[in-house]
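> how would this look folded up:
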Amino acid sequence: MQDKASKRATMPKGTSIILDDRTLQSSYATLLPLLKPGMHVLDVGCGTGAITAGIADIVGEQGSATGIDSSEHLIAKGLEDQQDVPNLQLITADLYTWQPNRKYDVIVSARVLQWLNDPLAALLRFRELLVPGGHVSILDYNHTKLEWDPVPPASMLRFYEAFLQWRADAGMDNEIADNLPALFEKAGYRNIQSFNADEKYSRAEAGFTNKAAIWSKVAELRGPQVVEHGFITEAERLQAIEEYDAWTLQSAQSMTMKLKDIQACL
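This next block holds a predicted model:
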């Protein structure tokens, strides 16, 4: 099961278009109060380092931000994009085997544990990498509570259900945002807090169409895997993209992705 999840979680080339749009302020604002100048922060599953670079800016030259990701092509792009950030380090690494030369004040992981079949193992590994009293912040979704207004085309609803089934088949938790507090407790963390971080987009806002189109991008980039493993047909995938794109342009009024930031300390 772990091998299956790992293979399915691998980010296909082209997915950086989603990651590059994110910033610390716009995509992980609940983390801001936790960060202080001089801190040493580890970002697990950093992608291209777009959020990690924002962390580096806040902790300043007396601190550091280190990002690790198992996707070599994402780290390569991040090293190019963020080359002017002096206190930022981006490394291709496996969380469970990587041996850094320091421990960290804060460990963060945004939208990553949803792709693991054993998120508890990750939380236990974070304990090993934290200084005494260090903090962890995990930002993640409950995909089962996604809200669209109005309801999108039936073809996209079919694809979305197939996508969730494909994830669940690999042992991934589609409701991880709501299950994380119990996992933190099981891993032995203290002062567990949950912060609402819902991503709500409405047509009245600039860039709404592009943001709502994330599921078209998922169908384009992840969809071939969903097809390959038999959860939907290629014709259904293509229909979902075409009809959903038209819906975002003509009918969509809002979309809310349910997101929580769970923070705790040793």
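> In contact with the residue nearest to the spatial centre of the chain, which residues are there?
For the chain, the residue nearest the mean C-alpha position is residue 111 (1.8 Å; Cα atoms, centre = their mean). Neighbour list for residue 111: 45, 139, 140, 141 [criterion: Cβ atoms under 8 Å, 6 or more residues apart in numbering]. C-betas here are computed from N, CA, C, even on glycine.
> Format the residues you listed as TSV; extra columns: pLDDT.
Formatted as TSV, these follow (pLDDT from 0 to 100):
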residue	pLDDT
45	97
139	98
140	98
141	98
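> So which of the residues you listed belong to strands?
With strands defined by DSSP state E, the entries of these inside them are 139, 140, 141.
> quick check, nearest of those residues to residue 196?
residue 139 (11.2 Å; Cβ to Cβ).
> Name the nearest residue to the closest one, sequence neighbours excluded.
residue 110 (4.3 Å; Cβ to Cβ, 6 or more residues apart in numbering).
> ok, the one you found to residue 158 distance?
From residue 110 over to residue 158 the distance is 28 Å, taken as Cβ to Cβ, to the nearest Å.
> who's more crowded, these two?
residue 110 (25 against 17; other Cβ atoms under 10 Å).
> I'd like to know how many residues surround residue 37.
For residue 37, using other Cβ under 10 Å, the count is 10.
> give the contact list for it.
Going by Cβ under 8 Å, 6+ apart, residue 37 touches 58, 59, 60, 62, 63.
> That one and residue 82, how far apart?
19 Å.
> Now do the strands in the stretch 1-150 of the chain.
Secondary structure of the stretch 1-150 of the chain (DSSP state E, counting those that start in this stretch): strands at 40-44, 64-69, 88-92, 104-110, 130-141, 147-149.
> who touches the second one?
Pointing back at strand 64-69 there. 40-47, 49, 52-53, 55-56, 59, 75, 78, 85, 87-93, 95, 98, 100, 104.
> Could you give the number of residues near residue 163?
The number of residues near residue 163, taken as other Cβ under 10 Å, comes to 24.
> so it sits in a helix?
Yes. Judged by DSSP: H, G, I helix; E, B strand; the rest coil, residue 163 forms part of a helix.
> In this structure it contacts residue 222, no?
Yes. Applying Cβ atoms under 8 Å as the test, residue 163 and residue 222 come out as touching, 6.9 Å apart.
> wait, doesn't residue 59 sit right on residue 38?
Yes. Counting by Cβ under 8 Å, residue 38 is a contact partner of residue 59 at 6.5 Å.
> okay, these two: which has more neighbours?
residue 59 (21 against 11).
> for that one, what are its contacts?
Contacts of residue 59 (Cβ under 8 Å, 6+ apart): 35, 36, 37, 38, 39, 40, 41, 65, 87.
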